[in-house]
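>>> task: produce atomic coordinates for the following.
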Amino acid sequence: MFKIVFFHTALIYCINFIYSDEIYSLKKDYEKTVVINGTDQASIDSGMKNALSSLVTNITGNSNILKNKNVISMMNSPEKYITQYKLGSENNEIQARFIFEGDVIRNFLSENELPILLSNEPLILSFLPCAEIDKSKEMNDELEKCNDLEADLISLSQDRLSKIIRPLMDLKDLSYYESLNSISINIFMNKLSRRYEMSSWISCLTQDQFGFLLDEPECISSSGKPPSSLKKTFNELLDAVNLNRSLVVNKNIQNNTEIQLEGINSFYVLEKTLEDLNTQVLIYNVSVLEITGEDLKVSLSHYGSEEDLLNLLDIHENYKKNTSLSEDIISYKYITS
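Next up, the predicted model:
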């Protein structure tokens, strides 16, 4: 069951994603705010689905995940994943803020062998030639379209939890840019990509090869897909970037790995550590083998390979790898949050 809380102060919807060291897909709880049509149950239910759809896309890092048959089934009962919600208003719009339980969503994804993204804010190099227009000049159709394009790109980036990086356009970049007419945009972007050491990039044109304004911007990216709309190009790029950063729990592969944990200096920390290990998506059983001073030795029964398990622990904010011991001993310092 979930709780419903009404409040009368305005909701503030923060469009700027706050980046932190915590891996987004491993958070305990998630908050999603969406605009809904009314306060009736049908409108609230629709808001739940929209919020859960956005969240599942973020946690899996895959824009096509909503087409998966298991996810489609999941969307029929979004209330299962919500602990509470609040209704409010902002700018004459009714908004609903939903709180989702992270472990429940991750368990669903792992049960159905769906990906879980194990990284934060991929960096995307972006260059819009139209942005180099002198903005001190009188507003024209191209500049207006360019401003809309920039706003849409930022919005997409925030929705997909990525970060847009723009080139400095210093003398070196300008030397590349001046030759843009004589080389393809791909070659130009690859030059920038090498300079900024960023393999993922996107670029959009607002004019065709004859200088006429396009009805819709045409975008390309480092994914190598054919030119398309901004949304399609950006989603294809992020899906490709996230593919190698995701974990899929394969329950056909089961292993046991012994690890040592340091910093277990109280019964509370011991209890917290065991509870935390038991919530990790790969681990299905934790056995205490030995406690010596502040060191805890455990055997972890888990899905996937030992490498999969260690990759999961390596990115977790509560575990810091200890490399000072023998290579035969897998050791982490447990850091209480």
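
>>> which stretches of the stretch 151-300 of the chain form strands?
With DSSP state E, counting those that start in this stretch as the criterion, the stretch 151-300 of the chain has strands at 163-165, 201-207, 213-221, 246-247, 254-262, 283-292, 295-303.

>>> distance to T39 added to those, as JSON lines?
For glycine as for every other residue, the C-beta is placed from the backbone atoms N, C-alpha and C. Listed next are the strands of the stretch 151-300 of the chain as JSON lines, based on distance: least, C-beta to C-beta, whole Å:
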{"stretch": "strand 163-165", "distance to T39": "36"}
{"stretch": "strand 201-207", "distance to T39": "39"}
{"stretch": "strand 213-221", "distance to T39": "37"}
{"stretch": "strand 246-247", "distance to T39": "37"}
{"stretch": "strand 254-262", "distance to T39": "48"}
{"stretch": "strand 283-292", "distance to T39": "42"}
{"stretch": "strand 295-303", "distance to T39": "43"}
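
>>> weakest of those strands by average pLDDT?
Mean pLDDT is lowest for strand 246-247 out of the strands of the stretch 151-300 of the chain, coming in at a mean of 87.

>>> paired strands for that one, with orientation please.
Using DSSP bridges, strand 246-247 pairs in its sheet with strand 116-117 (antiparallel).

>>> tilt between the next helix or strand after the partner strand and strand 213-221?
Going down the chain from strand 116-117, the next helix or strand is strand 123-127, by DSSP states H and E. Using axes from the mean of the first three to the mean of the last three C-alpha atoms, to 10 degrees, the inter-axis angle of strand 123-127 relative to strand 213-221 is 150 degrees.

>>> next, the angle strand 201-207 makes with strand 123-127.
20 degrees.

>>> quick one: mean pLDDT over strand 123-127.
pLDDT averaged over strand 123-127 gives 95.

>>> what of stretch 81-99?
95.

>>> just the C-alphas of it, formatted as CSV.
Below are the C-alpha coordinates for stretch 81-99, written out as CSV (Å, rounded to 0.1, in the frame of the first residue of the first chain):
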residue,chain,number,x,y,z
TYR,A,81,6.3,0.5,-6.8
ILE,A,82,5.1,3.7,-5.1
THR,A,83,5.4,4.4,-1.4
GLN,A,84,3.6,7.7,-1.4
TYR,A,85,2.6,10.7,-3.6
LYS,A,86,1.7,14.3,-3.2
LEU,A,87,-0.5,16.6,-5.2
GLY,A,88,0.1,20.3,-5.7
SER,A,89,0.0,23.1,-8.3
GLU,A,90,2.6,25.3,-10.0
ASN,A,91,1.9,27.8,-12.8
ASN,A,92,-1.8,26.9,-12.9
GLU,A,93,-0.8,23.3,-13.5
ILE,A,94,-1.7,20.3,-11.3
GLN,A,95,1.4,18.3,-10.4
ALA,A,96,1.9,15.0,-8.8
ARG,A,97,5.1,14.0,-7.0
PHE,A,98,5.6,10.3,-6.7
ILE,A,99,8.1,8.5,-4.5
